[in-house]
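**Q** after the sequence you'll find the predicted model.
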Amino acid sequence: FCDKYLQGQHWVITAGPTREAIDPVRYISNHSSGKMGYAIAHAAIRAGAKVTLISGPVNISAPVGCQLISVISAEDMHQQALKFAPESTTFIACAAVADYRVANIASQKIKKTNDAMHLELVKNHDIVADVACLPNKPFMVGFAAETQNIEAYARGKLVRKNLDLIAANDVAKSGQGFNSDDNALMLYSAIDKTEIPLANKQIVAQKLVSLINQHYLAKQI
Ligand code: C5P
């Protein structure tokens, strides 16, 4: 048994929400706390990996020993992910990336005028799917936050985004997932599934990191 079982590996992890500017004072975002991604980063560092943590704006501090790349928008995160992924062995997409951004960000604060207002949104790049298209792609792990048909939707994303593994959580259940200290995951590969039962995100992360490494090693043979 070696507690530094990730020695020699480089993990790139995306975490937290993204912020999509509307004007100089407003943005569109979501409730992601970054806790799961930061817990994975912490567990991977403890296991001996070099970790690059590409993080949207969060209120928690980065684990000691990681390379923190702070970003704001999905497009910033996309750029940094494509920069660091080619030198990594493993890419974990834990960020809650905004699906859309504002088409034309106002350069001045938008004033209240009409009763209704319309914002035009355009689709952001899919970060994990684009990294999975790199010629020398790392071992790819995505997340799927679902409220129903969890296995079917998660497996759909596994195939569509060209991933090796997908970790699915049921965000309809209270007390786990988004913004919570606890989580429960189902980890799907093309051929099997493993349950990580409800526990503190630090414990879930330790189990997940070890499982990801087992799948990674199996793929190297
Ligand atoms: O399609 P959906 O957003 O549900 O997929 C979730 C997975 O895809 C997560 O791993 C998330 O980090 C990643 N993702 C991404 N870039 C996006 C949207 C999602 O990397 N623009």
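**A** Okay, I see it.
**Q** ramachandran coordinates for residue 74?
**A** Reported as degrees, to the nearest 10, the phi and psi values for residue 74 are phi -60, psi -40.
**Q** how about low-confidence regions in the protein?
**A** 1-2 (pLDDT under 70).
**Q** could you pull out the strands for it?
**A** 10-15, 20-23, 26-28, 50-55, 67-70, 90-93, 100-102, 121-123, 139-146, 165-170, 182-188, 193-200 (DSSP state E).
**Q** switch those strands over to TSV; also include distance to the ligand and mean neighbour count.
**A** Every residue, glycine included, has its C-beta placed from N, CA and C. Shown next, in TSV, are these (distance: least, C-beta to the nearest ligand atom, whole Å; neighbours: other C-beta atoms under 10 Å):
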stretch	distance to the ligand	mean neighbour count
strand 10-15	6	27
strand 20-23	11	17
strand 26-28	13	17
strand 50-55	10	25
strand 67-70	15	16
strand 90-93	3	28
strand 100-102	9	18
strand 121-123	8	11
strand 139-146	3	22
strand 165-170	7	23
strand 182-188	12	21
strand 193-200	16	14
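**Q** out of those strands, flag the one nearest residue 38.
**A** strand 10-15 (5.9 Å; C-beta to C-beta).
**Q** how far off centre is the closest one?
**A** 8 Å (C-alpha atoms, centre = their mean, to the nearest Å).
**Q** sheet-wise, list the partners of it with their directions.
**A** strand 50-55 (parallel), strand 90-93 (parallel) (DSSP bridges).
**Q** and the angle for that strand with strand 139-146?
**A** For strand 10-15 against strand 139-146, the angle by axes from the mean of the first three to the mean of the last three C-alpha atoms, to 10 degrees is 20 degrees.
**Q** using CSV, write down the CA coordinates of strand 10-15.
**A** Only the C-alpha atoms of strand 10-15 are listed here, as CSV (Å, rounded to 0.1, in the frame of the first residue of the first chain):
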residue,chain,number,x,y,z
HIS,A,10,-0.7,15.7,-13.2
TRP,A,11,-4.4,16.3,-12.6
VAL,A,12,-6.2,19.4,-14.1
ILE,A,13,-9.4,20.0,-12.2
THR,A,14,-12.1,22.6,-13.1
ALA,A,15,-14.2,23.8,-10.1
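**Q** about what we covered before: can you add distance to residue 113 and give the strands of the chain back as TSV?
**A** Converted to TSV, those look like this (distance: least, C-beta to C-beta, whole Å):
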stretch	distance to residue 113
strand 10-15	38
strand 20-23	14
strand 26-28	15
strand 50-55	36
strand 67-70	35
strand 90-93	40
strand 100-102	18
strand 121-123	20
strand 139-146	36
strand 165-170	42
strand 182-188	44
strand 193-200	48
